[in-house]
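Q: Could you look at this predicted model? Sequence included:
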Protein chains: 2
Amino acid sequence: MGVILHDLAVQDDVRLSPYCWRARFALEHKGLSYRTAATCFTGIASIADGKQKTVPVLEDGGRVVGDSWAIANYLEDTYPERPSLFGGEVGRAHALFLQNWVTTAVLRPSLKALVLDVYGSVQPQDRDYFRTSREQRFGMTLEEIAAGPQEERVAVVRTALEPLRLQLKEQPFLSGGNPMYADYVVAGTFMWWRGITRAQLLTREDPLTPWMERMLALYPAIAKESRRLWDGP
Amino acid sequence: MGVILHDLAVQDDVRLSPYCWRARFALEHKGLSYRTAATCFTGIASIADGKQKTVPVLEDGGRVVGDSWAIANYLEDTYPERPSLFGGEVGRAHALFLQNWVTTAVLRPSLKALVLDVYGSVQPQDRDYFRTSREQRFGMTLEEIAAGPQEERVAVVRTALEPLRLQLKEQPFLSGGNPMYADYVVAGTFMWWRGITRAQLLTREDPLTPWMERMLALYPAIAKESRRLWDGP
């Protein structure tokens, strides 16, 4: 039956989740043949073995793997003969650190910047779930999370990306001469922005823009998706 | 004549610079025999070839290498038969990213937290230089940089360290099973705090505290220095 990636979709079948995009990039990097299966927030409980609470979920033959970091490690360890996602033990630590940094420094302020865009895009059956779960997590309403002008909340994220810009002064990809999972962790976040908002995170002058263009040029199957709202690279 | 590391000293011969500590850790990691030569801010221009503007500066035979990142790369490439500081190309990218992240997320708020401690510790001939150069860099007086209770400025740094704590949930060192240069970049910053202030950055409960203790246990030559103000690990 081949590899299946269960992936979050909002309206118009736009694939949204930064975590799912990490898994998409990882599958492309490994050159595995796969198909995606769209789900929505409230459909996650029906995936595969019925035990999953988040997406992405990977099905490979009889195996079910949830969590994007577990999926990356599963792919690396199960298909060692294919291009490495990490480039060794320290490379795996590099990917893990980028992930930890993105979690704290990029995803949190991004959600503040985008929460109303996401709320406006989720499928009708997900609206109540999305509002309730996010309001619980933040301890305030969606409208309170999104207080202040969006451009100011976007600027916070833009500033937080500074270590990436310093990295790309020295080398073409975050992992060195070639992209690896550390790059995909960041690119997955930008794919989320790309699919969901007209707010421009990466300006034309941003050194991250040509990097994202190089990433998309390498993976046309990913580049062709989610252009609905995207004017930039 | 062996390897000489020119290293910044403040009063009581306390070695202060987070950048110099990186080079110290790197030399220890490589197991090279070396001695340090203390300098002060206004003494840097007299080091070696007279062309240096910052410390650390490494002298190895006839070669003079300035800048901590250049020194790490020099040591890695010149002594490849000794334990690797990076663990390959992606490992080098890992160390570089930690460095870039420390620069933007840790060193800047640390200087705000510590600037008056540093000013009070520099050698008498450095006081005017330190005040003028830092006030120029920040566009305000030292006292304005240090506005507000120090504990609040320390708390900002403590919060910024969160990605490190997530990393250490998964593995004993930032680089994986063993410490490498990425670990030293962070430890060098904590050595700076250790030598200069009574303000406690790492509490007993902080998961970073046992990590720092493991680092110091591995390098007793470093651990025995700069304990002047240190009550913690």
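A: That came through, no problem. Numbering: from 1, shown residues only, chains lettered A, B, ... in the order given.

Q: near chain B at all, the lengthiest helix in chain A?
A: Criterion DSSP state H: the longest helix present in chain A is helix A:181-196. Yes: on the criterion C-beta under 8 Å from any C-beta of the partner chain, helix A:181-196 is in touch with chain B at A:Ala182. No exception for glycine: its C-beta is placed from N, CA and C like everyone else's.

Q: Next: stretch A:96-105.
A: Yes: with C-beta under 8 Å from any C-beta as the criterion, chain B is reached by stretch A:96-105 at A:96-98, A:100-101, A:103-105.

Q: out of the residues you listed, which are buried?
A: A:96-98, A:100-101, A:104-105 (16 or more other C-beta atoms under 10 Å in any protein chain shown).

Q: which two in those residues are spaced the farthest apart?
A: A:Leu96 and A:Ala105 (14.6 Å; C-beta to C-beta).

Q: where do the helices sit along chain A?
A: A:18-30, A:68-78, A:89-101, A:108-121, A:127-138, A:142-145, A:150-160, A:162-170, A:181-196, A:208-218, A:220-223.

Q: Format these as a markdown table; extra columns: mean pLDDT.
A: Shown next, in a markdown table, are those (pLDDT from 0 to 100):
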| stretch | mean pLDDT |
| --- | --- |
| helix A:18-30 | 98 |
| helix A:68-78 | 98 |
| helix A:89-101 | 98 |
| helix A:108-121 | 95 |
| helix A:127-138 | 96 |
| helix A:142-145 | 96 |
| helix A:150-160 | 96 |
| helix A:162-170 | 97 |
| helix A:181-196 | 94 |
| helix A:208-218 | 94 |
| helix A:220-223 | 91 |
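
Q: With distance to B:Gly61 added, can I get those in a markdown table?
A: Output for those, formatted as a markdown table (distance: least, C-beta to C-beta, whole Å):
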| stretch | distance to B:Gly61 |
| --- | --- |
| helix A:18-30 | 43 |
| helix A:68-78 | 42 |
| helix A:89-101 | 29 |
| helix A:108-121 | 49 |
| helix A:127-138 | 58 |
| helix A:142-145 | 59 |
| helix A:150-160 | 43 |
| helix A:162-170 | 27 |
| helix A:181-196 | 36 |
| helix A:208-218 | 39 |
| helix A:220-223 | 50 |
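
Q: Flag every residue of chain A that's near chain B.
A: A:86-94, A:96-98, A:100-101, A:103-105, A:162-164, A:166-167, A:170-171, A:174-177, A:180, A:182.

Q: Pull out the buried members of those residues.
A: A:86-87, A:89-94, A:96-98, A:100-101, A:104-105, A:163-164, A:166-167, A:174-176, A:180, A:182.

Q: Chain B versus the residue nearest to A:Ala187 when sequence neighbours are not counted, what's the distance?
A: Closest residue to A:Ala187 apart from its sequence neighbours, by C-beta to C-beta, 6 or more residues apart in numbering or on different chains: A:Met215 at 4.9 Å. Distance, A:Met215 to chain B, by C-beta to the nearest C-beta, to the nearest Å: 15 Å.

Q: Give me the neighbour count for A:Met215.
A: Using other C-beta atoms under 10 Å in any protein chain shown, the number of residues around A:Met215 comes to 22.

Q: residues in contact with it?
A: The neighbours of A:Met215, taking C-beta atoms under 8 Å, 6 or more residues apart in numbering or on different chains as the test, are A:179, A:183, A:187.

Q: pretty sure the last one is touching A:Met212, no?
A: Spelled out, it's A:Ala187. Yes: the pair A:Ala187 / A:Met212 is scored as a contact, 6.6 Å apart, by C-beta atoms under 8 Å.

Q: who's more crowded, the two?
A: Between A:Ala187 and A:Met212, A:Ala187 has the larger neighbour count (other C-beta under 10 Å), namely 27 against 21.

Q: tell me the contacts of the more buried one?
A: With C-beta under 8 Å, 6+ apart, A:Ala187 has these contacts: A:21, A:25, A:179, A:212, A:215.

Q: cutoff 7 Å now
A: Residues in contact with A:Ala187 (C-beta atoms under 7 Å, 6 or more residues apart in numbering or on different chains) are A:25, A:212, A:215.

Q: now swap in A:Val122 and tell me
A: Taking C-beta under 7 Å, 6+ apart, one finds A:10, A:41, A:130 in contact with A:Val122.
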